[in-house]
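# this one's structure only:
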């Protein structure tokens with residue numbers, strides 16, 4: 001079970017690391033030569049970057065997703081990247097004014113999905129979505145101060161009688177998930193700057209629940225070192241129960257009628273006040289400077305959170321605090337109970353860390369020791385129940401292989417032509433405009449957004465809805481970067497997203513290109529600099545079984561690859577989520593682009609039109 005968890009698709013990205021052995025392109029589709037040219041460009045960049053290491057790095061979706069970043073970094077377009085062995089969140093170095101003086105800060109951001117648990121138990125799944133997203137930048141010692149929620153749902157207005165067997169009604173999932181996410185965010189004290197929901201019939205297969213967060217910390221309050229033999233691993237936060245056992249492996253499985261009954265135990269139970277205590281603890285530089293390395297407890301529990309910290313580890317499962325008695329060694333090793341953090345500190349610093357945690361009324365216990373021998377050893381009740389060589393663990397199992405066939409879009413129902421035709425139906429723009437407003441996608445999200453507190457922390461620069469009557473939805477979110485004590489700054493972060501499920505269903509390639517362009521255009525519309533933005537992607541696709549299935553994420557990532565190089569703006573992070581399948585139903589090919597940029601609050605622009613005589617321009621963006 002430990003290896004199954006450690007090597008799961010969620011933890012080791014086995015689908016995205018599957019070797020692409022061959023790619024077939026459509027011969028009779030106008031997009032065929034475009035796909036082929038982009039693929040050849042990708043292969044050429046691989047040869048230039050990897051050189052004599054090329055044989056050790058076979059083509060795969062992960063390589064395609066990250067190669068544009070590597071290429072742009074080599075060209076000098078990524079000088080602000082904060083690179084380290086800790087890879088829990090995207091991190092950039094910025095210089096901001098604090099009390100009129102320049103100060104170096106780390107700005108971290110992360111997107112996370114909880115599609116599988118939210119489909120089964122909407123409240124808990126959505127609550128732990130934002131909780132898990134917060135812990136990633138938090139493990140980088142940054143303070144998370146703003147969140148964005150982007151979800152995908154089928155039509156929630158349909159009658160309950162139309163609900164498929166083995167499924168919850170879409171209305172139940174949508175409303176309960178919103179309550180869960182907002183409950184956790186409001187309790188922990190996190191401002192939610194933008195809430196949006198995309199509607200598409202494909203999301204009846206499995207919901208999309210994305211939480212994106214942004215945090216910051218003074219660079220001089222973050223210490224990063226390689227653990228050495230004799231160091232201790234301290235578990236901070238909540239206690240361990242059976243909740244979440246099997247969550248890492250279950251998240252990569254296609255759903256069927258029995259999933260809602262059998263998979264409930266895989267959904268973690270969140271406790272926002274405990275995570276709030278961890279946030280307070282990690283805001284103290286005296287604490288963060290004790291920490292050599294940190295990892296949050298997400299998928300995989302002890303086996304992954306502690307198992308990734310060092311090559312050699314001796315873990316005492318009897319020291320892990322439990323919610324109740326009766327847990328065996330396997331459950332303690334793979335439980336995904338929330339609000340836990342694993343930190344590496346020197347042996348002599350353990351007492352100081354535990355004392356600091358005690359002042360915040362949060363438990364901290366030394367549960368493991370870093371060893372010289374590169375093996376992960378787990379002991380329970382005096383017996384060794386896990387003893388694995390690091391070289392074996394790091395193989396991630398046998399490398400998988402797959403062939404891909406890219407199918408071009410159907411130009412007989414060209415999405416761009418159809419959209420234009422609908423807007424000019426019968427020559428009446430007014431009619432088409434009103435039809436768009438009356439559609440589900442055109443509905444107001446204000447009632448949804450008002451469940452979320454957008455002003456916690458008093459750093460919000462843009463309210464979710466602007467204008468005199470607060471009816472104009474903003475194109476993104478903006479908030480001041482938090483600085484310690486009574487210091488002040490006018491530096492603020494901007495975050496936007498781009499995605500259209502209808503376009504992505506018609507062509508995953510076009511959907512990805514325009515997701516990147518839309519997220520960058522929205523940064524510009526907020527008054528930021530699109531050229532200085534940094535991206536992170538969220539990929540979500542059907543279960544990949546046939547070569548044609550593999551062609552969907554491949555074509556989407558080719559589009560994103562092309563867009564990054566063309567805009568010279570790299571994606572420095574991302575998260576892949578697979579198995580959006582229920583019987584013969586599949587989620588639309590999904591690549592959501594999130595863009596982040598640091599600006600000044602005086603430069604931020606609202607989408608609200610402040611005067612009646614303002615001109616409105618339409619700027620076409622040809623592909």
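The structure has been received and is ready for your questions. Given the structure is predicted, the values throughout are model-derived calculations rather than measurements.

# where do the helices sit along the stretch 1-150 of the chain?
Counting by DSSP state H, counting those that start in this stretch, the stretch 1-150 of the chain has helices at residues 2-6, 9-12, 32-50, 61-74, 115-120, 122-139.

# Which one of these lies nearest to residue 530?
Of all the helices of the stretch 1-150 of the chain, helix 61-74 sits nearest to residue 530, with 14.3 Å by CB to CB. (Each C-beta comes from the backbone N, C-alpha and C, glycine too.)

# Of the helices of the stretch 1-150 of the chain, which stretch is the most buried?
For these, the largest average neighbour count (mean count of other CB atoms under 10 Å) is found in helix 122-139, namely a mean of 28.

# hang on, the earlier thing: and the helices of the stretch 1-150 of the chain as JSON lines, adding distance to residue 311 and mean pLDDT?
As requested, these are exported to JSON lines (distance: least, CB to CB, whole Å; pLDDT from 0 to 100):
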{"stretch": "helix 2-6", "distance to residue 311": "14", "mean pLDDT": "81"}
{"stretch": "helix 9-12", "distance to residue 311": "16", "mean pLDDT": "70"}
{"stretch": "helix 32-50", "distance to residue 311": "25", "mean pLDDT": "96"}
{"stretch": "helix 61-74", "distance to residue 311": "22", "mean pLDDT": "96"}
{"stretch": "helix 115-120", "distance to residue 311": "31", "mean pLDDT": "90"}
{"stretch": "helix 122-139", "distance to residue 311": "19", "mean pLDDT": "94"}
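
# Let me know the distance separating residue 398 from residue 431.
58 Å (CB to CB, to the nearest Å).

# Looking at these two, which has the bigger crowd around it?
Set residue 398 next to residue 431 and count neighbours by other CB atoms under 10 Å: residue 431 wins out with 14 against 8.

# by contact count, what packs against the helix or strand where that one lies?
Here residue 431, judged by DSSP states H and E, is contained in helix 429-438. Counting contacts by 3 or more CB pairs under 8 Å, 6 or more residues apart in numbering; DSSP states H and E, helix 429-438 packs against helix 415-423.

# pLDDT below threshold where in the stretch 301-450 of the chain?
Where the stretch 301-450 of the chain drops to pLDDT under 70, the residues are 420-428.

# Show me where it has its strands.
With strands called from DSSP state E, counting those that start in this stretch, the stretch 301-450 of the chain shows them at 313-316, 340-345, 364-370, 375-380, 383-389, 401-405.

# Can you lay out those strands as TSV showing distance to residue 183 and mean neighbour count?
Below are the strands of the stretch 301-450 of the chain laid out as TSV (distance: least, CB to CB, whole Å; neighbours: other CB atoms under 10 Å):
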stretch	distance to residue 183	mean neighbour count
strand 313-316	33	21
strand 340-345	20	25
strand 364-370	26	20
strand 375-380	35	20
strand 383-389	36	14
strand 401-405	40	17
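
# want to throw the ones you listed into TSV with distance to residue 607?
Below are the strands of the stretch 301-450 of the chain laid out as TSV (distance: least, CB to CB, whole Å):
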stretch	distance to residue 607
strand 313-316	50
strand 340-345	38
strand 364-370	45
strand 375-380	51
strand 383-389	53
strand 401-405	40
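
# So which of the ones you listed is nearest residue 416?
strand 401-405 (24.2 Å).

# list the helices and strands that closest one packs on?
So strand 401-405, by 3+ CB pairs under 8 Å, 6+ apart, packs with strand 19-24, helix 547-567.

# Quick check: buried residues in the helix holding residue 431?
residue 432 (16 or more other CB atoms under 10 Å).

# how about the strands of the stretch 301-450 of the chain, which one is nearest residue 107?
Closest to residue 107 of the strands of the stretch 301-450 of the chain, according to CB to CB: strand 340-345, at 20.4 Å.

# May I have the strands that pair with that closest one, each with its orientation?
With DSSP bridges as the test, strand 340-345 is paired with strand 232-237 (antiparallel), strand 293-296 (antiparallel).

# give the contact list for the residue nearest the centre of the chain.
Central residue of the chain (CA atoms, centre = their mean): residue 111, 2.1 Å from the mean position. Residue 111 makes contacts with 133, 210-212, 536-538, 573-575, 592, 594, as judged by CB atoms under 8 Å, 6 or more residues apart in numbering.

# same check, this time on residue 165
Per CB under 8 Å, 6+ apart, neighbours of residue 165: residue 257.

# Okay, it and residue 261: tell me how far apart.
Taken as CB to CB, the span from residue 165 to residue 261 is 11 Å.

# Next secondary structure after the helix or strand where residue 504 lies?
In this assignment (DSSP H and E), residue 504 forms part of helix 501-506. Next along the chain after helix 501-506, taking DSSP H and E as the criterion, comes helix 508-525.

# Can you give me the domain assignment for this structure?
91-218+402-603, 223-393 (automatic domain parsing).

# about what we covered before: indicate which one of the helices and strands packed on strand 401-405 is closest to residue 411.
Using CB to CB, those put helix 547-567 closest to residue 411, at 15.0 Å.

# Could you tell me which strands sit next to the following helix or strand past that closest one in the sheet, and their orientation?
Using DSSP H and E, the helix or strand that follows helix 547-567 in sequence is strand 571-577. With DSSP bridges as the test, strand 571-577 is paired with strand 534-540 (parallel).

# can you tell me the average pLDDT over the partner strand?
The pLDDT scores in strand 534-540 average 97.

# picking that back up, any chance of the helices and strands packed on strand 401-405 in JSON lines, with mean pLDDT and distance to residue 351 too?
Formatted as JSON lines, those follow (pLDDT from 0 to 100; distance: least, CB to CB, whole Å):
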{"stretch": "strand 19-24", "mean pLDDT": "97", "distance to residue 351": "48"}
{"stretch": "helix 547-567", "mean pLDDT": "97", "distance to residue 351": "47"}
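
# Burial-wise, tell me which of those comes out on top.
Highest mean neighbour count among these (mean count of other CB under 10 Å): helix 547-567, with a mean of 23.

# packing partners for it?
Checking 3+ CB pairs under 8 Å, 6+ apart, helix 547-567 ends up next to strand 19-24, helix 32-50, helix 61-74, strand 401-405, helix 508-525, strand 534-540, strand 590-600.

# contacting residues around residue 520?
496, 498, 530, 533, 567, 569, 595.

# ok, which pair from those is furthest apart?
Greatest spatial distance in the contacts of residue 520: 496 and 567, 13.9 Å, computed using CB to CB.

# ok, the residue nearest to residue 289 when sequence neighbours are not counted - contacts?
Closest residue in space to residue 289, ignoring its immediate chain neighbours: residue 223 at 5.1 Å, by CB to CB, 6 or more residues apart in numbering. Residue 223 sits next to 288-292 when contact means CB under 8 Å, 6+ apart.

# ok, those vs residue 445, which is closest?
residue 288 (36.8 Å).

# Quick check: pLDDT value at the closest one.
97.

# The one 3 residues further on now?
With respect to pLDDT, residue 291 scores 97.

# Ok, residue 262 next?
70.

# give the contact list for it.
Shown in contact with residue 262 (CB under 8 Å, 6+ apart): no residues.

# do residue 588 as well
200, 202-203, 501-502, 504-505.

# can you check residue 273 too?
Neighbours of residue 273 in contact, by CB under 8 Å, 6+ apart: 187-188.
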